[in-house]
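Peer 1: Give me a 3D structure for the following:
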Amino acid sequence: KRVETTFLGHPVCVERRGTDGDFERARQLIAEMDGQVDAIGLGGIDLYLVAGGRRYVVRDAQRLAEAARRTPVVDGSGLKNTLERQTVRYLAEAGLITPADGSQRRPRCLLVSAVDRFGMAEAFAEFPCECLYGDVIFALKLPFPVRRLATIRVLAAVLLPVLCRLPFQVLYPTGEHQKGSHRRGGKWLRWADVIGGDYHFIGTNLPAATPADPRPLAGKLILTNTTTPEDVERLRTLGLRALVTTTPRLQGRSFGTNVMEGVLVALSGRAPLELTEDDYLDWLQRLDWQPQVEML
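Peer 2: This is a model prediction of the structure:
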């Protein structure tokens, strides 16, 4: 996808290129783009996983980032910690975090991976909802839900130093695996009223419509990114109430946080590690990026 648009009066070309999970092709492409573009976003892989104030570097992503010697490389973690945190608060204040069945019980919130979006995880924990974190279910493929953020911090401290050294495709669907339908977490997607996190984790595990339950997402809200018009139509047929994306929709597609963080970094003219949380919030206010709420 390639879009030419304007931000703060500056013409910007935003482009997303895929390599179907081919790591070496991705590394080669980054090396070719180095010095030719103003920022590079790593899509489909995290450079950093975050939990409890600690940041863990993913080895494969570091190898990709090192292919660029001049152009700044980002993975979206700065936006995840700021823009996504703000979005959860916005949804709560707007009264959109509610039980799917219209009852008076506490809303159930499922975040498919807390270490991928710790800002979102902490924001959910601020509100009176029943939270479930799916890191073990969706990344480690083990049927154990985690219900406390403190447990995620402990698991991260124990496991991430080892897991971050594994090939990334062990933890996250890449290439053709993004098009499959695993449904290992379908039980918990049915349980939740609000589902947040990476769309590849969500989309490959969506519950199937059945004659007994033709609209398994009825009344639910999904908070995610990187959705296409085809994704939106699929969610509509499954009965989803609302789709919320944290980054602007450009010509029908919501780009990933990595791409939009690249836009922000390029406009700032500063190195990513120089930007503080307050800097991100200041730039977000200037850009006026608002959550995209689509009632389906």
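Peer 1: Residue 29: helix or strand, and which one exactly?
Peer 2: Using DSSP states H and E, residue 29 falls within helix 23-33.
Peer 1: With just CA atoms, put that helix into CSV.
Peer 2: Only the C-alpha atoms of helix 23-33 are listed here, as CSV (Å, rounded to 0.1, in the frame of the first residue of the first chain):
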residue,chain,number,x,y,z
PHE,A,23,13.7,-12.4,6.9
GLU,A,24,16.7,-12.0,4.6
ARG,A,25,14.6,-10.2,1.9
ALA,A,26,13.4,-7.8,4.6
ARG,A,27,16.9,-7.2,5.8
GLN,A,28,18.1,-6.6,2.2
LEU,A,29,15.1,-4.2,1.6
ILE,A,30,16.0,-2.1,4.7
ALA,A,31,19.6,-1.9,3.6
GLU,A,32,18.5,-0.7,0.1
MET,A,33,16.2,2.0,1.7
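Peer 1: Contacts for whatever helix or strand comes next after it next, please.
Peer 2: Per DSSP H and E, the first helix or strand lying C-terminal to helix 23-33 is strand 40-41. For strand 40-41, contacts defined as CB atoms under 8 Å, 6 or more residues apart in numbering pick out 30, 33-34, 68, 71-76, 256, 258-262. Every C-beta, even on glycine, is put in place using the N, C-alpha and C of the backbone.
Peer 1: at 6 Å what do you get?
Peer 2: Applying CB atoms under 6 Å, 6 or more residues apart in numbering, the contact partners of strand 40-41 are 30, 68, 71, 73-74, 258-259, 262.
Peer 1: Just to be sure, which of these are found in strands?
Peer 2: Among those, the members falling in strands (DSSP state E) are 73-74.
Peer 1: quick one: average pLDDT of the helix holding residue 29?
Peer 2: Per-region confidence: helix 23-33 scores 94 on mean pLDDT.
Peer 1: got the contact list for that helix?
Peer 2: Taking CB under 6 Å, 6+ apart as the rule, helix 23-33 contacts 19, 40, 64, 67-68.
Peer 1: who wins for most neighbours among the residues you listed?
Peer 2: Using other CB atoms under 10 Å as the neighbour criterion, residue 40 leads those with 25 neighbours.
Peer 1: Any idea what it is bridged to?
Peer 2: With DSSP bridges as the criterion, residue 40 is bridged to residue 73.
Peer 1: and it, how far is that from residue 88?
Peer 2: Distance, residue 40 to residue 88, using CB to CB, to the nearest Å: 28 Å.
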